[in-house]
Structures are given as C-alpha cells and as structure tokens.
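Visitor: Quick one, structure for this:
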Amino acid sequence: MVDFTIYSETNAPKGSEALLLDSKKRNGMIANLHGIMAEAPELLVAYRQLNDLFIASSLDKDEITVVWQTINVENNCHYCVPAHTLIAKGMKVDDGIIDALRNETPLPNARLEALRDFTLSIVRDRGQVEDAKVQAFLDAGFTKRNILEVILGYSQKIMSNYTNHLADTPLDSVFEKFAWEKA
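Guide: Prediction:
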C-alpha cells in the first residue's frame, strides 16, 4: 500500500494551506481525510464544493444521510461510515435511521427505503438503472431533480471513499467511538 501523508496547515503542499486552515475553522480540526486530500488541492476543493452543494440540495437531512451512508456502506468505507455517523448525529438524524443504515437493516419508512434502493441501484448499476427502478423511485414521491441529486451525492462519496481505500485513512479520535465494519 502507498504511504500517504496526512498534512496539516504547517506542512501542507502549496495550494492546500488555506484549505486546511478553513477545514480547521469549519470543523474545529483537520480531518485526516482532508489532510490526505491536501496532496492534491484540487481534489480537496472539489470534495468540499460537492459537499456544500449536496447539503444545499432539495433533499432533507434524513435523505442526505441515507444517500451518504448507503454509498459509504456499499463501498465498505471504514472511515466515512463512522464520520457520517457523527455528522448525522450533529444533524439530529434519528438514531433508528443511523443504525439501520450502518447495519443494513430496514429503514423506518418506505420513502427512505426507496431512496436507499435507488441509491444502491445508481452505485451497483453504474448509472444504468432499469426504468422500473427509476419509476419506483418516482412513485415513492421523489422527483427527476432528486435523481440528479443522488448522482451529486455519489460523486462526492467516490472522492472520499476511494481516497480512504487507497490511503487506508486512520480514523480521527472523534470518530473512533463510531468505528464500523461491514457485517
């Protein structure tokens, strides 16, 4: 495995210093993921922009969490599942939703389950989702806009999940109590 450096604001590559300082300001710390992404400042910029855009989408906090955690669990991301558990708790997402996503058990309502199913179809079918699955998503009360927003969320998660796989990103201490392994 390639040994990636986890940069801080003091040793960051050119172009990443301000990004890491901003991460520290926003989050009270520089997450190890951001420290690794700092190797390629463009990646860190894109990741953060996609995060901000996805949060600003028409999906609510529960739906955003379903998309993120469905992808994280499907991609077996040892870092993002715990990180997004803490994020979901901060967003006041119900523990029943958080636990169902982490454990791949049924969600508390059919609408969120339809969102998880559709998100899994996007991931597993690489965007070539059968018409019947798209229609089931729309029939659950979602829109064409929501289809595209799931793609936005997936775009963000590819950046973090794949970075974490390649770098074997160590969990930050704040995420350790939410450590996770795929069942």
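
Visitor: Relative to residue 34, how far out is residue 45?
Guide: Remark: distance between residue 45 and residue 34 (CB to CB, to the nearest Å) = 11 Å. To be clear about C-beta, it is placed using only N, CA and C from the backbone, and glycine gets the same treatment.

Visitor: who touches both of the two?
Guide: residue 19 (CB atoms under 8 Å, 6 or more residues apart in numbering).

Visitor: The two - which one has more neighbours?
Guide: Neighbours per residue (other CB atoms under 10 Å) separate residue 45 from residue 34, with residue 34 holding more: 28 against 14.

Visitor: surely that one meets residue 21?
Guide: No - Residue 34 is not in contact with residue 21 according to CB atoms under 8 Å; the separation is 10.7 Å.

Visitor: Helices along this protein, start to end?
Guide: Here the chain has its helices, by DSSP state H, at 17-27, 32-37, 41-55, 61-74, 80-90, 95-103, 110-124, 131-139, 144-167.

Visitor: Can you lay out the ones you listed as JSON lines showing distance to residue 7?
Guide: Shown next, in JSON lines, are those (distance: least, CB to CB, whole Å):
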{"stretch": "helix 17-27", "distance to residue 7": "7"}
{"stretch": "helix 32-37", "distance to residue 7": "5"}
{"stretch": "helix 41-55", "distance to residue 7": "10"}
{"stretch": "helix 61-74", "distance to residue 7": "23"}
{"stretch": "helix 80-90", "distance to residue 7": "18"}
{"stretch": "helix 95-103", "distance to residue 7": "29"}
{"stretch": "helix 110-124", "distance to residue 7": "30"}
{"stretch": "helix 131-139", "distance to residue 7": "40"}
{"stretch": "helix 144-167", "distance to residue 7": "12"}
